[in-house]
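**Student:** test case, fold it:
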Amino acid sequence: MVRPRLVALACCLLLVLAGCVVGPAGSDATVGGGDTATAPPGSGGTPATAAPPADGIRVTVVEIVDGDTFRFEYENGTTDTARLLGVDTPEIYGENSPDEFEGVPDTEAGRACLREYADRASAYAKNRLLGEEVTIAFDANEPRRGYYDRLLVYVHHDGGSFNYALIDRGLARVYDSSFERGDRFYAAEERAMAADRGLWTCRDGTPGPAGDDETTATASATATPAGDGVVVSRIHADAEGEDGENLNDEYVVLTNRGDEPVDLSGWTLSDEAGFTYEFPDGVTLPADASLTLHVGSGEDTETDLYWGRERPTLNNDGETVTLRDEDGNLVAERST
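**Tutor:** Here you go, the predicted model:
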């Protein structure tokens, strides 16, 4: 007769073994392939510009294959390849199909333009990610691995979503699938197309000017009536001297060109990488007055606010900032 204690022990062992899935040693989450794998809790459905989920996996980017594919290393030295979820940058190593990018003509000029943006997307990925420690996260609606056995991931770096930044800067199109962040990505794509940012200039068959790879060179005025005349009047991205030693010389200036003061409580200002500042309660911008938001730290005054960032944030090579009211409505957008 089998003793009850032995039966209980055997059952416990079976349950433990049934729940085990082997992943890279030293990693803090399972990353095995298979369509039935589920994303870590909290990863799916998070805002495109939100902080990474607490249970995301920290890895180091060791190689950029192209704008949407990279190789990375776990803490124990194991390496793997990842493909960014929800985005598709033009191809570097193969032929591009202009019909995949809405409005881009199927001509040699259209294909040449997309090749140019393939290089620009890859360069952007190298500038932002290569050698950096990032957090990767998964999507509950997508398998862990794609057709080429690459992990399908969101990449969060320094508080922003890299996937979202590619779309917002016009360096990629939305890759149509069932991923949970689709609504936000499509909204960003529509804004990039409307502004002729990045590869969407290829609809005219000609790349945008060098140096303005990810942004348009013009600034928009108030985009909706919600701002009552508030515009982004200046972006000062290149601080004097070393950017990291002079964070408060990176700043954005807002100006109220209206006739009435505007309450900025709960408004947000975001850069293209998704870093977002929320204006504190009680901040008011008087009529015909300006307010400067500095990237670094300091004591807020009526004319100067401080983001509290600990590293350079605004991109010296081209930046777009977006101002939204407390309800999320677009108020103004400016690019350099």
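**Student:** helices of this structure, residue ranges please.
**Tutor:** In the chain, the segments counted as helices under DSSP state H are 4-18, 108-129, 162-168, 182-194.
**Student:** surely Ala239 and Arg309 touch.
**Tutor:** No - in this structure Ala239 lies outside contact range of Arg309 using C-beta atoms under 8 Å: 11.9 Å. For the C-beta atoms, the positions are set from N, CA and C on the backbone; glycine is no exception.
**Student:** list residues touching both of the two?
**Tutor:** The contact sets of Ala239 and Arg309 overlap at Leu247 (C-beta atoms under 8 Å, 6 or more residues apart in numbering).
**Student:** tell me the pLDDT at Asp204?
**Tutor:** Looking at Asp204, its pLDDT reads 83.
**Student:** equivalent analysis for the one 5 residues further on, please.
**Tutor:** Here the pLDDT value assigned to Pro209 is 54.
**Student:** with Val104 instead?
**Tutor:** 95.
**Student:** what about it, how many residues nearby?
**Tutor:** The number of residues packed near Val104 is 26, by other C-beta atoms under 10 Å.
**Student:** that one contacts Arg203, doesn't it?
**Tutor:** Yes - between Val104 and Arg203 there is a contact at 5.5 Å, judged by C-beta under 8 Å.
**Student:** which stretches of the stretch 1-150 of the chain form strands?
**Tutor:** 57-66, 69-73, 79-84, 87-88, 133-137 (DSSP state E, counting those that start in this stretch).
**Student:** paired strands for the fourth one, with orientation please.
**Tutor:** What it means is strand 87-88. Strands adjacent to strand 87-88 in the sheet, as given by DSSP bridges, are strand 173-174 (antiparallel).
**Student:** show the average pLDDT along the partner strand.
**Tutor:** 96.
**Student:** other residues contacting it?
**Tutor:** With C-beta under 8 Å, 6+ apart as the criterion, strand 173-174 contacts 86-88, 100-102, 167, 182, 185-186, 189, 199.
**Student:** and those residues, which is the shakiest by pLDDT?
**Tutor:** Ranking the contacts of strand 173-174 by pLDDT puts Gly182 at the bottom, with 87.
**Student:** which ones are touching that residue?
**Tutor:** 86, 174.
**Student:** from Asp327, how far off is it?
**Tutor:** Gly182 sits at a distance of 22 Å from Asp327 (criterion: C-beta to C-beta, to the nearest Å).
**Student:** reformat the strands of the stretch 1-150 of the chain as TSV; add mean neighbour count and distance to Ser177.
**Tutor:** Shown next, in TSV, are those (neighbours: other C-beta atoms under 10 Å; distance: least, C-beta to C-beta, whole Å):
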stretch	mean neighbour count	distance to Ser177
strand 57-66	19	19
strand 69-73	20	16
strand 79-84	20	11
strand 87-88	22	10
strand 133-137	21	16
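**Student:** Throw the ones you listed into TSV and include distance to Leu293, thanks.
**Tutor:** Listed next are the strands of the stretch 1-150 of the chain as TSV, based on distance: least, C-beta to C-beta, whole Å:
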stretch	distance to Leu293
strand 57-66	30
strand 69-73	32
strand 79-84	30
strand 87-88	29
strand 133-137	26
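**Student:** buried stuff in stretch 180-191?
**Tutor:** Under the neighbour-count criterion of 16 or more other C-beta atoms under 10 Å, stretch 180-191 has 180-182, 184-185, 188-189, 191 buried.
**Student:** what do you get for stretch 94-111?
**Tutor:** Neighbour count says stretch 94-111 has 96, 98, 101, 104-105, 110-111 buried, by 16+ other C-beta under 10 Å.
**Student:** the residue lying closest to Tyr154 once chain neighbours are set aside and Val62, how far apart?
**Tutor:** Leaving out its chain neighbours, the residue that sits closest to Tyr154 by C-beta to C-beta, 6 or more residues apart in numbering is Ala137, at 4.7 Å. Here the criterion is C-beta to C-beta. By it, Ala137 lies 19 Å from Val62.
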